[in-house]
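1. coords below, sequence missing:
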């Protein structure tokens with residue numbers, strides 16, 4: 001059984017069901033101005049006892065700065081875990097809101113700042129906590145499994161929090177125990193997990209504005225132009241895209257595929273922000289963005305998250321100067337949200353899955 005439960009009778013794309021921001025246009029800087037700005041940020045990080053953690057999808061300048069200052073570039077869960085291991089008293093999270101919240105959930109004693117707290121996520125936006133809680137109440141016989149790309153309140157209502165790399169093992173584990181799953185929020189990832197495990201899953205009708213834009217017919221045309229290219233796909237993508245993949249995996253798993261596979265060309269169906277790390281680790285490989293809305297079409301997301309684009313060197317400096325844009329989580333919510341995250345971490349350790357480097 002695999003049912004999409006949230007009413008969406010017209011099959012309306014997620015970008016038409018939530019408010020998607022226009023990506024900000026940051027002023028162009030000369031190399032000298034950019035270097036001067038980075039120098040000021042480095043000094044502020046040291047003065048504020050702060051460490052910078054950046055997601056693979058943010059601008060390459062931010063990823064480079066994180067590495068240059070002893071910070072970290074990673075998936076959302078590893079960003080939070082790195083913060084827990086850091087001696088710094090302040091974590092500056094370059095990513096989207098749920099990533100800052102996850103960092104705070106796992107590091108309650110630390111201050112967590114973000115360049116812009118308004119940088120949310122279509123998966124988070126499309127799964128409001130009150131509606132989701134009511135949905136869970138209507139299906140009390142199901143084990144609630146939520147993707148990491150959710151608010152602290154949604155995590156607090158769950159039994160398990162999973163990343164894309166550990167979703168399959170957790171679903172198999174629950175299926176073997178005879179448990180039925182209520183899954184949220186990404187229906188594409190949920191369908192992929194259901195197909196691979198055979199688990200009985202009731203799916204919330206959410207999606208990522210970036211991954212939902214990838215088109216199977218356009219990808220097939222691109223494959224014919226690059227017959228030797230390996231196709232790497234994030235499982236948040238639609239079925240017709242996932243079905244053409246040579247590798248389906250998390251951000252970290254796709255990066256590993258570029259470095260490990262012998263192919264010289266790769267067609268990549270995930271956020272283009274990941275190209276910075278791929279180019280860094282495999283500079284001799286050719287990376288091609290998978291097609292989104294098709295030739296001549298317009299789209300709000302294309303292959304880069306508009307909320308991730310709200311992170312830049314300019315507002316990073318400002319948040320360090322002002323000290324605002326701080327992540328706060330109600331302590332009762334935090335205590336409930338940390339339990340399903342810890343359950344996932346303990347499961348990954350017990351199974352030797354190694355989720356530490358294989359997150360969203």
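-> That came through, no problem. Everything numeric here is computed off the predicted structure, so don't read it as measured data.
2. list the buried ones in stretch 51-69?
-> 51-59, 61-63, 65-66, 69 (16 or more other CB atoms under 10 Å). Just so you know, the C-beta spots here come from the backbone N, C-alpha and C atoms, and that holds for glycine as well.
3. Residue 83 sits in which helix or strand?
-> Applying DSSP states H and E as the criterion places residue 83 in helix 76-85.
4. cool, and residue 108?
-> Here residue 108 is assigned to no helix or strand, by DSSP H and E.
5. State the number of residues packed around the closest residue to it other than its chain neighbours.
-> Computed as CB to CB, 6 or more residues apart in numbering, the closest residue to residue 108 that is not its neighbour in sequence is residue 334, at 6.1 Å. Using other CB atoms under 10 Å, the number of residues around residue 334 comes to 18.
6. correct me, but residue 334 touches residue 107?
-> No - counting by CB atoms under 8 Å, residue 334 stays clear of residue 107, with 10.4 Å between them.
7. Tell me the gap between the stretch of helix or strand residue 63 belongs to and the middle of its chain.
-> Using DSSP H and E, residue 63 sits within helix 60-68. Centroid displacement of helix 60-68 relative to its chain, using CA atoms, centre = their mean, to the nearest Å, is 18 Å.
8. one step back: now do the residue nearest to residue 108 against residue 112, distance only.
-> 12 Å (CB to CB, to the nearest Å).
9. Need the mean per-residue confidence for stretch 84-93.
-> Stretch 84-93 carries an average pLDDT of 94.
10. That stretch: end-to-end distance?
-> End-to-end distance of stretch 84-93 (CA to CA, to the nearest Å): 13 Å.
11. Which secondary structure elements does the helix holding residue 83 sit against?
-> strand 50-55, strand 72-74, strand 90-94, helix 97-106 (3 or more CB pairs under 8 Å, 6 or more residues apart in numbering; DSSP states H and E).
12. quick one: strands adjacent to the first one?
-> Spelled out, that is strand 50-55. strand 72-74 (parallel), strand 90-94 (parallel) (DSSP bridges).
13. now these as a markdown table including distance to residue 280?
-> A markdown table is the format used below for the strands paired with strand 50-55 (distance: least, CB to CB, whole Å):
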| stretch | distance to residue 280 |
| --- | --- |
| strand 72-74 | 9 |
| strand 90-94 | 16 |
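14. Identify, out of those strands, the most deeply packed stretch.
-> strand 90-94 (a mean of 28; mean count of other CB atoms under 10 Å).
15. Start and end of stretch 142-153, how far apart?
-> Note: stretch 142-153 ends 18 Å apart using CA to CA.
16. any idea of the mean pLDDT for it?
-> pLDDT averaged over stretch 142-153 gives 97.
17. Tell me how far that stretch lies from the chain's centre.
-> Taking CA atoms, centre = their mean, the mean C-alpha location of stretch 142-153 is offset from the chain mean by 13 Å.
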